[in-house]
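I'd like to go over a predicted model; first the sequence, then the structure.
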Amino acid sequence: SIGSEETQDRNEMVLSVFVHTGANLEEALNLTATEVLNALKAADHGQMVMIPFPSPQTSKIRHRASTTGKRSVPVPQSTVIRWARYIHTTRSSCIKGMHGDDHGFLLISTKTGRQLTAGSPAAILRELSLAAGLQKPINTRMLRSRFLLNACAEIKRNHGSGVTMAQSHAFAEALQWMTG
């Protein structure tokens, strides 16, 4: 990735949020620093951290850091610890440097300290794709699909091919709940 250290850190966060949560664009943009830190505090040592996202009924990008109905996605604790480090260092530095209000969003512009716009993740992922030498740029949909395929593969590894119809139905419901 190119740009300042703050930009590189933020770009790594953008990629990490999409890779580890399977979030859609609105969910990722609306995730707050407080939600991440509270989820990390609530997790037992060495456990998965349940990252909360707005319920699927919340369809518009919000402009304040509060939400009601939520679903949660398990993320490895080591990953969320890196997110917390970003919150306390890079993100905090960007907010202070802008002398503006902190609206609480995790993914912010390093130039303004405000919530990323809907087009920002696509531009960031294009930049990261070019820097990695990929022929075709990655996008949020590809990362969401990758997350879902990995979740399915993990379940198959854990339960083998002897899955009953009831287990398949339970899996479908759990997958639908996780993905909104």
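Perfect, thanks for sending it.

okay, CA-based contacts and neighbour counts for the rest of this
Will do.

pLDDT below threshold where in this protein?
The chain contains residues with pLDDT under 70 at 1, 55-69, 99-100, 155-180.

Now with 80, please.
Residue ranges of the chain with pLDDT under 80: 1-2, 46, 54-71, 97-100, 148-180.

Strands along this protein, start to end?
Using DSSP state E, the strands of the chain run over residues 49-54, 70-75.

Which residues does the longest helix seen in the chain contact?
Of all segments of type helix in the chain, defined using DSSP state H, the longest is helix 140-159. By Cα atoms under 8 Å, 6 or more residues apart in numbering, the residues outside helix 140-159 that reach it are 18-25, 121-122, 125.

Tell me the gap between that helix and the middle of its chain.
Remark: helix 140-159 is offset 15 Å from the chain centroid, using Cα atoms, centre = their mean, to the nearest Å.

Could you do stretch 13-33 as well?
2 Å.

Pull out the buried residues from that stretch.
By neighbour count on 16 or more other Cα atoms under 10 Å, the buried set for stretch 13-33 is 13-33.

if we look at stretch 30-50, which residues are touching it?
For stretch 30-50, using Cα under 8 Å, 6+ apart, the contacting residues are 51-53, 61-62, 65, 72-77, 80-81, 83-84, 87, 104-107.

Please apply the same query to stretch 6-22.
Contacts of stretch 6-22 (Cα under 8 Å, 6+ apart): 1-2, 23-24, 28, 73-75, 83, 86, 90-91, 94, 107-108, 110, 121, 124-125, 128, 140, 143-148, 179.

Can you show me the CA trace of that stretch as CSV?
Extracted in CSV, the C-alpha atoms of stretch 6-22 (Å, rounded to 0.1, in the frame of the first residue of the first chain):
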residue,chain,number,x,y,z
GLU,A,6,-1.8,6.4,8.9
THR,A,7,-3.3,5.7,5.4
GLN,A,8,-1.6,2.4,5.3
ASP,A,9,-2.8,1.4,8.8
ARG,A,10,-6.4,2.5,7.9
ASN,A,11,-6.2,0.6,4.6
GLU,A,12,-5.1,-2.5,6.4
MET,A,13,-8.2,-2.0,8.8
VAL,A,14,-10.6,-1.7,5.8
LEU,A,15,-9.3,-5.0,4.3
SER,A,16,-9.3,-6.7,7.7
VAL,A,17,-12.8,-5.8,8.6
PHE,A,18,-14.2,-7.1,5.3
VAL,A,19,-12.0,-10.3,5.3
HIS,A,20,-12.7,-11.3,8.9
THR,A,21,-16.4,-10.3,9.2
GLY,A,22,-17.9,-10.8,5.7
